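Novice: Next come a sequence and a model predicted from it.
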Amino acid sequence: MTDDHRPVYKRVLVKLSGEALLGSQSYGVDPVALTRIARDIRDINAMGVEVALVIGGGNIFRGAGLAQLGMDRVTGDQIGMLATVINALAMQDALERLGVFCRVMSALKINQVCEDYIRRRAIRHLEKGRVVVFAAGTGNPFFTTDSAASLRAIEIGADVMLKATKVDGVFDADPVSNPDAHRYERISYDQVFAKNLAVMDATAIVMCRDNNIPLQVFNLNNEGDLMRAIEGEPVGTVVERGEA
Ligand code: UDP
């Protein structure tokens, strides 16, 4: 990485939905999409930024979807959490193939395939320049990986939570169905609630707001946007505390 790339953050938490790994597929992990994201992660890690990742599981299973089909919700959520472990292992593999040191840490104990989540150990990995992938969400049913991402971001003292989406940030209407939708450059957590904007679930928003951690929402499909966000450029939407 050249000197013109200067990070404004020391430690970040990146949240990817399971959908990000779908690529051109309708289910599972697309190796092309996985490798492209892994390259972005490698590039910001190479800038000296400490990178933690939380990956969802929606490309494989979601508890709510399984419950709709008649399954017990808690069992469905456990299956969903295991799906996030699959994605985390796939990401670890992709990163290692690019020469990046990586550790998967799971909120559920599966310590023959990855490490258990231990906060101090996670921070030590980050300090040593390893990418840490937090798997199995919070380890509890009825939560989401957005909430897990907020929780881990706070626990590890991340400077910012970077949430990757399919659109360019937070809009006042769905930008896919409404071409006149307006994108916010900055908005407060309270406005997100007041306007009922679909950014993350309420638990995740409250966690970030009450612990004063900024959230930057960016489009994963825009090549280079993650890097630009790390360099402090006004990419996507920044959600923060106070009047914005
Ligand atoms: N999940 C859970 N507890 C958590 C995080 C996730 O039970 O703390 C389950 C839940 O069933 C969820 C699934 O794991 O539907 C996958 O996570 P999520 O839906 O957040 O993935 P994403 O939408 O980001 O792909």
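Specialist: Looks like it arrived, so ask away.
Novice: Surely residue 38 and residue 91 touch.
Specialist: Yes - Residue 38 lies in contact with residue 91 (Cβ atoms under 8 Å); the separation is 6.5 Å. For every residue, glycine as well, the C-beta is placed using N, CA and C.
Novice: residue ranges for the strands of the protein, please.
Specialist: Taking DSSP state E as the test, the strands found in the chain are 11-16, 50-55, 102-106, 115-116, 131-135, 160-165, 170-171, 183-184, 186-188, 215-219, 237-240.
Novice: want to try CSV for those, with mean neighbour count, distance to residue 204 and mean pLDDT as columns?
Specialist: Formatted as CSV, the strands of the chain follow (neighbours: other Cβ atoms under 10 Å; distance: least, Cβ to Cβ, whole Å; pLDDT from 0 to 100):
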stretch, mean neighbour count, distance to residue 204, mean pLDDT
strand 11-16, 25, 9, 98
strand 50-55, 28, 11, 98
strand 102-106, 23, 19, 98
strand 115-116, 16, 23, 98
strand 131-135, 29, 14, 98
strand 160-165, 26, 9, 96
strand 170-171, 22, 14, 94
strand 183-184, 18, 18, 94
strand 186-188, 18, 15, 95
strand 215-219, 24, 9, 96
strand 237-240, 23, 11, 96
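Novice: Tell me how many other residues crowd the nearest residue in space to residue 203 that is not next to it in sequence.
Specialist: Of all residues beyond its chain neighbours, the one nearest residue 203 is residue 147 (4.6 Å), with distances taken as Cβ to Cβ, 6 or more residues apart in numbering. When neighbours are defined as other Cβ atoms under 10 Å, residue 147 has 23 of them.
Novice: for residue 180, what are its contacts?
Specialist: Applying Cβ atoms under 8 Å, 6 or more residues apart in numbering to residue 180 gives the contacts residue 173.
Novice: Oops, could you answer that again for residue 73 instead?
Specialist: The neighbourhood of residue 73, defined by Cβ under 8 Å, 6+ apart, consists of 63, 64, 67, 141, 142.
Novice: May I ask which of those has the most neighbours?
Specialist: Using other Cβ under 10 Å as the neighbour test, the contacts of residue 73 are led by residue 63, with 25 neighbours.
Novice: Looks like that one contacts residue 141 (just checking).
Specialist: Yes - with the criterion set as Cβ under 8 Å, residue 63 and residue 141 qualify as a contacting pair; they are 6.6 Å apart.
Novice: The ligand contacts on the chain?
Specialist: Within the chain, the positions near the ligand by Cβ under 6 Å from any ligand atom are 17-19, 56-58, 62-64, 76-77, 80-81, 83-84, 137-138, 140-141, 143-146, 148.
Novice: Any of these buried? List them.
Specialist: Neighbour counting by 16 or more other Cβ atoms under 10 Å classes 17-19, 56-58, 62-63, 76-77, 80-81, 83-84, 137-138, 141, 143-146, 148 among the residues of the chain next to the ligand as buried.
Novice: residue ranges of the helices in this protein, please?
Specialist: Per DSSP state H, the chain has helices spanning 31-46, 63-68, 73-97, 119-127, 145-155, 189-194, 202-210, 225-230. These are given in chain order.
Novice: Just say which of these is most tucked in.
Specialist: Of all these, helix 145-155 carries the top mean neighbour count, a mean of 25, counting by mean count of other Cβ atoms under 10 Å.
Novice: name the helices or strands packed onto that helix?
Specialist: The elements that helix 145-155 packs onto, with contact taken as 3 or more Cβ pairs under 8 Å, 6 or more residues apart in numbering; DSSP states H and E, are strand 11-16, strand 50-55, helix 119-127, strand 131-135, strand 160-165, helix 202-210.
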